[in-house]
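Chemist: Below is the sequence, then the predicted model.
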Amino acid sequence: MPDTTNTFDASHTGRLDDEYDDAAGYYVDGDPIADTKAPGGPLEERWDTRQFEARIANPANRRRLSVIVVGTGLAGASAAATLGEAGYVVKSFCYQDSPRRAHSIAAQGGINAAKNYKGDGDSVFRLFYDTIKGGDYRARESNVYRLAQVSRNIIDQCVAQGVPFAREYGGLLDNRSFGGVQVSRTFYARGQTGQQLLIGAYQALERQVAAGTVKCYTRHEMVELIVVDGRARGIIVRDLVTGEIETYFADVVVLANGGYGNVFFLSTNAMGSNVTASWRAHRKGAYMANPCYTQIHPTCIPVSGAHQSKLTLMSESLRNDGRIWVPKNKADCDKDPRDIPEEDRDYYLERIYPAFGNLVPRDIASRQAKNMCDEGRGVGPEVEGVRRGVYLDFEEAIGRLGRDAIENKYGNLFDMYARITGEDPYSVPMRIYPAVHYVMGGLWVDYDLQSTIPGLFVTGEANFSDHGANRLGASALMQGLADGYFVLPNTIRDYLAEGPFEKVAEDDPAVVEAQESVRSRIHQLMNTNGTRSVDSYHRELGNIMWEYCGMERSADGLKKAIDLIRTLKQDFWRNVKVLGAAETMNQSLERAGRVADFFELGELMCLDALNRRESCGGHFRAESQTEDGEALRHDDTYAYVAAWEWAGADEKPVLHKENLTYEFVEMKQRSYK
Amino acid sequence: MKFTLNIWRQPDAVTAGKIHTYELDEVSEDMSFLEMLDVLNEDLNAKGEEPVAFDSDCREGICGSCGLMINGEAHGPEVTTTCQLHMRSFKDGDSITIEPWRADAFPVVKDLVVDRGAFDRIIQQGGYISVNTGAAPDAHATPVPKDKADRAFDVATCISCGACVAACPNGSASLFVGAKITHLGELPQGQAERDTRVVNMVAQHDHEGFGGCTNIGECTAACPKEIPLDVISRLNWDLHAALRHGK
Amino acid sequence: MAVSGLIFIGFVLTHMYGNLKAFGGHDSFNEYAHHLREFGEPILPHEGALWIIRLALIVSLVVHVACAVALWRRAAKARSVKYVVKKSKASSLSSRTMRWGGVTLLVFIVWHLLNFSIGKINVQGGATDDPYNLMVDSFDVWWLTAIYLVAMVALGMHLHHGTFSAAQTLGLTNNDKARRNAKAAGALLAVVIAGGFSLVPIFVLAGVITK
Ligand SMILES: Cc1cc2nc3c(=O)[nH]c(=O)nc-3n(C[C@H](O)[C@H](O)[C@H](O)COP(=O)(O)OP(=O)(O)OC[C@H]3O[C@@H](n4cnc5c(N)ncnc54)[C@H](O)[C@@H]3O)c2cc1C
Ligand code: HEM
Ligand code: SF4
Ligand code: FES
């Protein structure tokens, strides 16, 4: 995608009146927060300063310091392996049957790093700048700069581990340009970069298992956090094979449990991706930051029917050659596209954005596709009365470049499309539709990646830290590995230097209470004996979220969504049907627990979106657009991180604001016309 | 479409299981095989019968969670994973027998779910390059010839699904082990531990109770990532070399 | 196992070459049989070389069979619960019948030795001290030829997969091309050896080769 950020008339970024407190009545104002751990001083020295200032746990002591790591994706596996190497006693948890199956495995495109191997003018500062800008000025400068700095070490580490990145004939690493930046800084392993990086981290992890420093608990789902005397001291997990409820203690807990895009039911996330670990921590005092920031990817394979269980992403490189269109007339929507003459086709992106055409950024391409379908001009099968799909047509490209050239470039994507849809994209235009792909929001963390609960650290997609309101392509993998290999191990030691902490008693009231609440929740789910399946609730929640908290959000819609979610949640607890027993493997029960947390998260996402009456990055508020319908940010009012505190089941959440200040880059409004 | 499904049901690891037969109607040919099972499960749930347990996560053919024996073929009739198999590969009215992977090293956990922990334990015995975080030289310090890098990548695409074991008449995991040996053995970074890696991984493979390889080739035909049989040759070569070196 | 298998291959090739001497007539064949016993003299005693070969073959057979039994048992233990439905997708029939094919060969070898070597049984009741005549007498009997031909089918199949398998086991097939070559070699050896062995009995039965 081209770089699209131009300077924009600053008068649009004016202050909003207080009358626009859309979320008034839904929340309570809290104290502002500051990220106190980031050192001041020159940007490029901050990370060194922090590493130096962070205390080092005595090597002899480390065998007595224990760490729990929840999650074995890039962020979790890399952290667990590195902490194991450092000599701590590590327990690693995942819900899959092997650590290597975490959803990081599915990432396709690549991983960014400011290596400047192409000599095309890349630098740490440029990667930092692009990330801040890409995040629409809603991320922290210190964090992002550090991310760009350590990006270089990641590549070194991965290559040494044997990650088979693509290479040139000279034997050196190849790079490509990705996600609309002007430099080629993306390292890749064909279309399976996430897989190869994760296998590298997984192998490092298994090496530590063999060395005895890490113990892996697979098919173990964290269902509660244990907080004793204000510190995170352990977790409660359900053994997914035996159904047993087990308690594990440690000096520190790290959450690396990934993203929560599955709150939308349909997303490109794995079936099991969930928010439970984060949400349980949130309920115990960890703030949730910017939960409404969601990235929606424009080129996914559309829903084919009510049975759809997940959506599949196709690389957005397809937009380089494909032309996107819908029929001009609704009457043509069920026709064979090949029979619709040129003059009856609406190449709407080329029409609305003549300068960028089909290469407009992800959020714009996504939103316009939705608009076309809402107008009734979508194509493909009707699902619940609406056709949700637009054509991505390669006829012109095949005519211009030849079929072979297209096959060379996109062969594997075309094959995947054909396998899933049963249609041949060489002769019939592809159908695409946007899908939820990534969440920028997550648990609030400081510069040390520590949450608001002392001793609870959060890494990877599960935290909110580095991408602001929108993430650049190929930067999530970078962040996950930066957090796990290089940042967390260096910040957590400062906390661990105070340990080992006093042993937690099995019968500590906090522990007993946590165990009781887990048991009673499971008991309730198993004994509601209602009539509706878990999936049917999840689907309905997903529909609400997609409709009102998806690509375009409005105050009325969000309020309506909050009501709908509340009602649905009540109904769930009265009428859900979970068969089988809790004392064995029970996949319905697993899902029920996750969906129960998704209800609460969904509500908070809507509230966060309601509060943020501006359009920024992946968040588009109908009330905040230019005359041409483009996103409009309000920097004076909303240049802050919204960190939400749980106040209780029937209490209003408390909003804490962390102000964002920009010392090194200037805030600019973007424009694509 | 309409199907008769013969599905292995087994309440847990210790209780004996057996095939149950279900009729399923109104299946669309656009459904993936697992979505078809989702529909069956919704049906069962409505009828008050416990849904069928099966593994899946990414449903994109990359995590390796899914894997069913479908009419006697691992991952079914196409060269792909179970989650990427679609119902249009079957005929209306077909009868489909669905079983878990069968190998004593992969004990059944419940219904169609098996425990593939043996694969992790094999990797623990050397399926890695020993380099602590932070100890790496610059990524460009060691160029890797493109053909070697490409071959390493091709075999590193193994998703650890276990179809090779499931399909192998000997219940051998040689394709899986060979893929890792070849991946790391092709790269300059993997040379230092090449001998010990193969000896220890093969020892663990045998210890887990996988069968011996007789080069039949069912594994590679079932492999959704088309890992070629020559990784087993490579495994043997490295093993002989290691034994010659006295490892 | 691969090494013992290759020793067998070497042996059967030579053995076949010897058998084909039958086309040269009575004297040519017997001279060959006789020569086998004198080979290596005077460095080795009479029948010395033959015994070395026999010893190597016996050791190979023991090793080969022991490995086969071990593999068989491991496979049985690796999958104690069988599939209700199991299809073969890509494997050759010969690869899947190595074990029963091997057993067939073993039984045949025993019979074969009784027939021509240790036992020297002439089912027609004729002389047993003339190798050529013993052979012709034997293959004149249709069912003896039939047994022999069945064994040759088994041998051909065993070699068809065995040759390729041995190459794999020795680590010689590290790419597509080597793999294809090894498979082709297996097919070739199977046809040449099984075919070569079959010619003599067929021609005897057909009355082309006579006493
Ligand atoms: C289809 C797709 C393509 C992508 N492509 C790219 C790309 O090209 N480049 C890029 O940079 N990014 C990409 N991304 C984004 C990126 O892959 C993810 O953001 C990143 O991998 C997340 O890593 P993670 O370690 O934080 O979490 P994950 O990899 O999701 O791991 C989560 C872990 O937590 C565990 N877990 C979760 N909940 C619990 C619980 N309650 N108890 C115990 N364990 C739990 C899971 O078992 C798992 O091990 C893509 C994402 C998708 C979905
Ligand atoms: C003239 C006789 C024989 C020849 C030429 C021969 C040749 C071979 C060869 C080359 C192999 C492949 C070795 C490897 O993969 O390492 C093999 C394998 C095998 N042989 Fe034989 N063999 C003979 C007799 C026998 C006998 C008598 C048995 C009896 C039990 C037998 C049983 C097997 C078995 C079970 C294998 C299994 C390995 C596989 O399936 O690849 N063979 N043989
Ligand atoms: S080698 Fe192929 S079949 Fe075997 S585990 Fe790997 S991907 Fe699956
Ligand atoms: S579910 Fe991940 S490979 Fe099938």
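Modeler: Here it is on my side, so go on. Residues are numbered from 1 along each chain as shown, chains lettered A, B, ... in the order given. Ligands and ions are numbered 1, 2, ... in the order given.

Chemist: Give the residue spans of the chain that score low on pLDDT.
Modeler: As the question left the chain open, I've gone with chain A. Flagging of chain A using pLDDT under 70 yields the residue ranges A:1-19, A:180, A:672-673.

Chemist: Could you identify the longest helix within it?
Modeler: Assignment by DSSP state H gives helix A:587-611 as the longest helix of chain A.

Chemist: That helix near ligand 4 anywhere?
Modeler: No. Legend: contact between helix A:587-611 and ligand 4 by Cβ under 6 Å from any ligand atom is lacking; minimum distance shown is 13.5 Å. Heads up, the C-betas are built off the backbone N, CA and C, glycines and all.

Chemist: Residues touching the helix or strand containing A:G411, excluding its own?
Modeler: Element membership for A:G411 (DSSP states H and E) is helix A:403-421. Helix A:403-421 has contacts (Cβ atoms under 8 Å, 6 or more residues apart in numbering or on different chains) with A:191, A:301, A:304, A:312, A:314-315, A:317-318, A:321, A:394, A:397-398, A:423-426, A:430-431, B:30, B:32, B:78, B:80, B:84, B:86.

Chemist: out of these, which are inside helices?
Modeler: Mapping the contacts of helix A:403-421 onto helices (DSSP H) picks out A:397-398.

Chemist: Tell me the strands beside the strand or helix carrying B:I19, with direction?
Modeler: Element membership for B:I19, per DSSP H and E: strand B:18-24. With DSSP bridges as the test, strand B:18-24 is paired with strand B:3-9 (antiparallel).

Chemist: can you give me the mean pLDDT across the strand it pairs with?
Modeler: The pLDDT scores in strand B:3-9 average 98.

Chemist: check contacts around the residue nearest to A:G261 when sequence neighbours are not counted.
Modeler: Leaving aside its chain neighbours, A:G261 sits nearest to A:S267 (4.0 Å; criterion: Cβ to Cβ, 6 or more residues apart in numbering or on different chains). By Cβ under 8 Å, 6+ apart, A:S267 lies in contact with A:261, A:273, A:310-311, A:435-437.

Chemist: One more: A:L127?
Modeler: Neighbouring residues of A:L127 by Cβ under 8 Å, 6+ apart: A:112-114, A:147-148, A:151, A:185.

Chemist: mind putting those residues in JSON lines, secondary structure and distance to ligand 1 included?
Modeler: Below are the contacts of A:L127 laid out as JSON lines (DSSP: H, G, I helix; E, B strand; the rest coil; distance: Cβ to the nearest ligand atom, whole Å):
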{"residue": "A:N112", "secondary structure": "strand", "distance to ligand 1": "7"}
{"residue": "A:A113", "secondary structure": "coil", "distance to ligand 1": "11"}
{"residue": "A:A114", "secondary structure": "coil", "distance to ligand 1": "14"}
{"residue": "A:L147", "secondary structure": "helix", "distance to ligand 1": "12"}
{"residue": "A:A148", "secondary structure": "helix", "distance to ligand 1": "14"}
{"residue": "A:S151", "secondary structure": "helix", "distance to ligand 1": "11"}
{"residue": "A:R185", "secondary structure": "coil", "distance to ligand 1": "12"}
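
Chemist: Report the two of these separated the most.
Modeler: Farthest pair in the contacts of A:L127 (Cβ to Cβ) is A:L147 and A:R185. Separation: 12.9 Å.

Chemist: which residues in chain B form strands?
Modeler: Shown for chain B, the strands assigned by DSSP state E span residues B:3-9, B:18-24, B:69-70, B:73-74, B:95-99, B:108-110, B:113-114.

Chemist: what distance separates the fourth one from the centre of its chain?
Modeler: The one in question is strand B:73-74. Averaging C-alpha coordinates over strand B:73-74 and over its chain gives two centres that are 11 Å apart (Cα atoms, centre = their mean, to the nearest Å).

Chemist: One more: stretch A:101-116?
Modeler: Relative to the centre of its chain, stretch A:101-116 is centred 13 Å away, using Cα atoms, centre = their mean.

Chemist: That stretch close to ligand 3?
Modeler: No. Using Cβ under 6 Å from any ligand atom, stretch A:101-116 stays clear of ligand 3, coming no nearer than 12.1 Å.

Chemist: returning to what we had before: going by neighbour count, list what's buried in the strand holding B:I19.
Modeler: Of the residues in strand B:18-24, B:22, B:24 count as buried by neighbour count, 16 or more other Cβ atoms under 10 Å in any protein chain shown.

Chemist: Now do that strand: everything it contacts.
Modeler: By Cβ under 8 Å, 6+ apart, the list of residues contacting strand B:18-24 from outside reads B:2-10, B:36, B:39-40, B:43-44, B:97, C:84.

Chemist: doesn't C:A66 make contact with C:S4?
Modeler: No. Using Cβ atoms under 8 Å, C:S4 is not in contact with C:A66; the gap is 9.3 Å.

Chemist: returning to what we had before: ok, the longest helix of chain A near chain B or not?
Modeler: Yes. Against chain B, helix A:587-611 shows contacts by Cβ under 8 Å from any Cβ of the partner chain at A:587-588.

Chemist: show me where pLDDT drops low in chain C?
Modeler: Within chain C, no stretch has pLDDT under 70.

Chemist: can you map out the strands along it?
Modeler: With strands called from DSSP E, chain C shows none.
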